[in-house]
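> sequence and predicted structure, then a few things I'm wondering about:
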Amino acid sequence: MNFKTGDKVVVIAGKDKGKEGTITTVLRKENKVVVEGVNIVKKHIKGNGQQAGSIASVEAPIHASNVMIKDPKTGKPTRIGHTIDKKGKKIRVAKKSNESLN
C-alpha cells in the first residue's frame, strides 16, 4: 500500500464517493485507511457507574482501493508512482502531473 498518514485523498467508490479528506490512520495488515470526515458511523457506548451511555459518531476504516491520492498540482485523483531522485532515494510521485508527493 502506498498511502501514508497525512496524505490528502479523494474517495472514488462507496457511500461517500466524491468526498475529500486527510488520512489519519493506515491499517496495513487489513489494507484499509481511516480518512478524516469520511465513513462516519454511530458507535454505541455502554454506560458505567460514573458515566451515562451515549451514541458517538466515529470514522470507520475504508478499503484502500476506494481512495485515490489527490494530485498536488491539479487537485484531481491520481495514481501513485515511484521514481529515484538525484540522490538515489526512492520517492513517490503523482502519475498525472509527475509531482513529488513526499
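Noted; the coordinates are in hand.

> ok, longest strand in this structure?
As far as residue count goes, and with DSSP state E defining each element, the longest strand of the chain is strand 20-27.

> show me what it is packed against.
Judged by 3 or more CB pairs under 8 Å, 6 or more residues apart in numbering; DSSP states H and E, the packing partners of strand 20-27 are strand 8-11, strand 32-35. Glycine gets a C-beta too; all of them are placed from N, C-alpha and C.

> of all those strands, which lies closest to Val41?
Of all those, strand 32-35 sits nearest to Val41, with 11.4 Å by CB to CB.

> if I look at the residue nearest the centre of the chain, how far off is Asp85?
In the chain, the C-alpha nearest the mean C-alpha coordinate belongs to Ile23, at 3.6 Å (CA atoms, centre = their mean). The spacing between Ile23 and Asp85, counted by CB to CB, to the nearest Å, is 23 Å.

> swap in Arg92?
When CB to CB is applied, the distance between Arg92 and Asp85 equals 11 Å.
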